[in-house]
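> My questions concern the predicted model and sequence given below.
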Amino acid sequence: RLQIELLGSTMPARDKRERDRDSSRSDSGREKRPRGGGINDDKWRRGEEVGKESDIRPDWGSDKKDEAEKKEEIAKPNYGSSGKLEKSRQIKKNGIVLKHSEPPNAAIPNRRWRIYVFKNDEIISTLHIHRQSCFIIGRESRVADIRTDHLTCSKQHAVIQFKYKSKVDEGGNTITQICPYIMDLKSANGTKLNKQPIEPLRYYELLEKDLLNFGSSSRDYVILVADEKDE
């Protein structure tokens, strides 16, 4: 009886040691769970590596980075033209800002150009346009060199500009001439050259016998060059 009791008291201890040894073997091939809770514990449950950035981790420095970039953009110098500089470049006549400024190649013509104004097939006026390089056309009497009183004409409707033009002749020689050009100054009702509307703010060369019309005025403006005897 004493032997049986001794055997019964020793067998549970041996079985416990064997169970502990078996459990340690099974745990050796399993990833150990990190201690503590929180976000690392959740990552371990999903099989993610601890310390690796994931979608649920907020980027705490993004706002500060955006603010720094905005400050840097504000601090960048602006080399564009200011409003004061544009105002200083404006050309005025009798206190009115002109819509047109002459180009660098502007020149006074060396030929006696004329504009003959027709109404109902009768000449009502002859305009001498060879004494200066630029002629503003419009209703504003304080700035217009050529007055157009029709209500459909703008205050500064168009401009006739004389400027240099270079071309190469048949012999390969470069010839420079002073030629007249017409440009519409973004008028309300437009300008026509030989009965065809022209684009605003674009130069069109004028040739002898060209016909100009402004707005809905019925007057015809014919471009010609006068003979010496007509001077």
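Perfect, thanks for sending it.
> what residue ranges in the protein score low on pLDDT?
1-88, 228-231 (pLDDT under 70).
> Could you pull out the strands in it for me?
In the chain, the segments counted as strands under DSSP state E are 92-93, 96-97, 113-119, 122-128, 134-138, 146-147, 158-168, 174-184, 191-193, 196-197, 204-205, 211-214, 220-225.
> so of the ones you listed, which one's packed in deepest?
strand 134-138 (a mean of 22; mean count of other C-beta atoms under 10 Å). Placement of C-beta: from N, CA and C, glycine included.
> got the contact list for that strand?
98, 100, 102, 106, 129, 143-148, 153-162, 185, 214 (C-beta atoms under 8 Å, 6 or more residues apart in numbering).
> Parallel or antiparallel, list what pairs with it.
When sheet partners are counted by DSSP bridges, strand 134-138 sits next to strand 146-147 (parallel), strand 158-168 (antiparallel).
> could those be laid out in CSV, adding distance to Trp113?
Conversion of these to CSV gives the following (distance: least, C-beta to C-beta, whole Å):
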stretch, distance to Trp113
strand 146-147, 13
strand 158-168, 8
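> Can you tell me how far Ile124 is from Ile96?
27 Å (C-beta to C-beta, to the nearest Å).
> so which of the strands paired with strand 134-138 comes closest to Ile91?
The closest of the strands paired with strand 134-138 to Ile91 is strand 158-168. By C-beta to C-beta, the value is 12.2 Å.
> What lies in contact with the closest one?
Applying C-beta under 8 Å, 6+ apart, the set of residues contacting strand 158-168 is 99-100, 102-103, 105-109, 113, 129, 133-138, 146, 174-185, 187, 191, 203, 205-206, 212, 214.
> just the angle between it and strand 220-225, please?
Relative orientation of strand 158-168 versus strand 220-225 (axes from the mean of the first three to the mean of the last three C-alpha atoms, to 10 degrees): 30 degrees.
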